[in-house]
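Engineer: here's a sequence, model it:
(one chain, ligands or ions: 3)
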Amino acid sequence: MLTAPTDIKQVNLQSNKAVQPGVDGVKRLTAKDPFVQIEITTKCNFECFYCAGRHMKQENMPWGRFEQILGKLGESPLTVSLQGEGEPTAHPQFWAMIDRLITLGHRPYIITNASLIDAHQAALKFQSIGVSLDTLDEAEAHRIGRYKLHNVLRRLKALVEVMGAARVIVHTVAYGQDIKPVSAFVRSLGAKHLIQPIQAKPDYAKHYDQGSPVIFWHHKRRCRYLEFPLMRYFAVDGREAPCCYIKDMSVFDTAQRLKAELADGKVPSACVGCREIATPRMKTSSVRS
Ligand SMILES: C[S@@+](CC[C@H](N)C(=O)[O-])C[C@H]1O[C@@H](n2cnc3c(N)ncnc32)[C@H](O)[C@@H]1O
Ligand code: SF4
Ligand code: SF4
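Structural biologist: Ligands and ions are numbered 1, 2, ... in the order given. Below you'll find the predicted structure:
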């Protein structure tokens with residue numbers, strides 16, 4: 001049986017790392033220079049059990065919408081991650097989009113499931129790249145929806161070989177599995193390893209087989225993503241949000257309104273359970289058996 005992460009202190013430290021691209025060696029977050037994320041697709045060739053994207057409308061962002069978003073970004077260079085709840089490399093115009101960012105003077109970034117990525121192309125286009133890897137066990141990887149682990153590992157090793165380990169960041173979601181073998185493997189590669197706990201925010205957790213592992217939330221009144229801002233997130237339909245954690249955009253209006261409600265002591269529905277402002281008390285039972 002897989003148990004939920006119970007070490008909240010460790011969870012929070014890791015979550016901070018995971019949401020700050022600066023610590024990935026990509027770009028430090030500052031008030032003047034928000035990290036840009038564009039969800040170019042919600043489609044994917046994998047079916048990770050924890051992925052909110054599997055329950056969203058499945059679509060690729062059309063080129064025109066991509067250009068409209070680029071037109072709103074302002075001066076380059078910015079770090080622009082083509083990242084949302086889908087596999088970016090599965091977008092039919094993925095490499096053309098990366099080339100367009102480079103032409104405009106931006107630094108492209110992605111986190112990929114590494115099932116399709118070409119290491120040589122990646123080495124030419126990315127300063128650094130994120131790769132998701134949750135387990136080294138082929139059967140377990142298949143069970144959680146990360147298929148053909150041997151293919152993923154082959155491509156990950158190729159990325160390390162061609163780009164150099166310092167440019168590869170391995171991302172692991174802690175959902176209750178034994179992380180030690182993955183950590184040892186990433187160390188042996190010489191790459192960076194970011195472990196982030198499985199999201200407890202209801203936007204994500206409502207899709208887990210056993211529901212949310214959280215029984216109680218304590219919310220703060222201030223969110224860094226609203227104060228600075230730290231991020232400009234563009235969903236696949238082109239809507240802009242102040243962060244990448246609002247998966248139910250039907251409850252989102254404007255960043256200003258979220259900020260005002262929080263300051264007023266109310267927790268906006270879009271923000272309930274967000275690790276940026278919420279401290280959870282977790283159940284000790286499993287996330288998924
Ligand atoms: C949404 S994915 C998209 C990129 C790509 N398809 C991939 O899986 O690497 C980006 C990162 O978020 C992680 N992720 C997705 N759903 C999550 C959840 N419910 N809790 C924590 N991390 C999650 C993924 O494992 C991945 O490392
Ligand atoms: S590979 Fe990424 S986008 Fe695809 S299902 Fe898994 S987390 Fe979601
Ligand atoms: S969901 Fe709300 S609280 Fe969380 S980062 Fe986004 S704006 Fe801030």
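Engineer: can you list the buried residues in stretch 97-106?
Structural biologist: 97-98, 100-102, 106 (16 or more other Cβ atoms under 10 Å). C-beta here means a position set from N, CA and C on the backbone, and glycine is covered the same way.
Engineer: now do the top helix by length along the chain: which elements does it pack against?
Structural biologist: Taking DSSP state H as the criterion, the chain has its longest helix at helix 149-163. Judged by 3 or more Cβ pairs under 8 Å, 6 or more residues apart in numbering; DSSP states H and E, helix 149-163 is in contact with helix 119-125, strand 129-132, helix 138-144, strand 168-174, helix 180-189.
Engineer: and those as JSON lines, adding mean neighbour count, mean pLDDT and distance to ligand 3?
Structural biologist: Converted to JSON lines, the helices and strands packed on helix 149-163 look like this (neighbours: other Cβ atoms under 10 Å; pLDDT from 0 to 100; distance: least, Cβ to the nearest ligand atom, whole Å):
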{"stretch": "helix 119-125", "mean neighbour count": "16", "mean pLDDT": "98", "distance to ligand 3": "29"}
{"stretch": "strand 129-132", "mean neighbour count": "22", "mean pLDDT": "98", "distance to ligand 3": "19"}
{"stretch": "helix 138-144", "mean neighbour count": "15", "mean pLDDT": "98", "distance to ligand 3": "25"}
{"stretch": "strand 168-174", "mean neighbour count": "22", "mean pLDDT": "98", "distance to ligand 3": "18"}
{"stretch": "helix 180-189", "mean neighbour count": "14", "mean pLDDT": "98", "distance to ligand 3": "27"}
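Engineer: give me every residue in this structure lying close to ligand 2.
Structural biologist: By the rule Cβ under 6 Å from any ligand atom, the part of the chain lying against ligand 2 is 44, 46-48, 51, 53-54, 85-87, 113, 145.
Engineer: next up, the contacts around the residue in the stretch 51-200 of the chain that ligand 3 sits nearest to.
Structural biologist: Proximity of the stretch 51-200 of the chain to ligand 3 (Cβ to the nearest ligand atom) peaks at residue 199, 10.9 Å away. By Cβ atoms under 8 Å, 6 or more residues apart in numbering, the contact set of residue 199 is 50, 205, 245, 275.
Engineer: would the strand or helix carrying residue 232 count as contacting ligand 3?
Structural biologist: Under the criterion of DSSP states H and E, residue 232 resides in strand 231-234. No - residues of strand 231-234 are not located near ligand 3 by Cβ under 6 Å from any ligand atom, the shortest gap being 8.1 Å.
Engineer: after that strand comes which helix or strand?
Structural biologist: In N-to-C order, the element after strand 231-234 by DSSP H and E is strand 240-241.
Engineer: so stretch 145-152, near ligand 1 or not?
Structural biologist: No - if you take Cβ under 6 Å from any ligand atom as the test, stretch 145-152 misses ligand 1, and the best it gets is 7.8 Å.
Engineer: can you tell me the average pLDDT over that stretch?
Structural biologist: For stretch 145-152, mean pLDDT is 98.
Engineer: ramachandran coordinates for residue 40?
Structural biologist: phi -80, psi -20 (degrees, to the nearest 10).
Engineer: what's in contact with stretch 97-112?
Structural biologist: So stretch 97-112 is contacted by 21, 26-27, 36, 40, 66-67, 70, 73, 76-83, 87-89, 91, 125-132, 171 (Cβ under 8 Å, 6+ apart).
Engineer: does it come close to ligand 1?
Structural biologist: Yes - Stretch 97-112 is in contact with ligand 1 by Cβ under 6 Å from any ligand atom, via 111-112.
Engineer: first vs last residue of that stretch, how far apart are they?
Structural biologist: 15 Å (Cα to Cα, to the nearest Å).
Engineer: pLDDT (mean, whole number) over that stretch?
Structural biologist: 97.
Engineer: ok, the residue nearest to residue 48 when sequence neighbours are not counted - how many residues close by?
Structural biologist: Distances taken as Cβ to Cβ, 6 or more residues apart in numbering place residue 145 nearest to residue 48, at 4.3 Å, with adjacent residues excluded. By other Cβ atoms under 10 Å, 16 other residues sit near residue 145.
Engineer: which ones are touching residue 145?
Structural biologist: By Cβ under 8 Å, 6+ apart, the neighbours of residue 145 are 46-49, 51.
Engineer: closest to residue 194 out of those residues?
Structural biologist: residue 48 (16.5 Å; Cβ to Cβ).
Engineer: direction included, what does the strand holding residue 232 pair against?
Structural biologist: Here strand 231-234 is paired, per DSSP bridges, with strand 35-38 (parallel), strand 240-241 (antiparallel).
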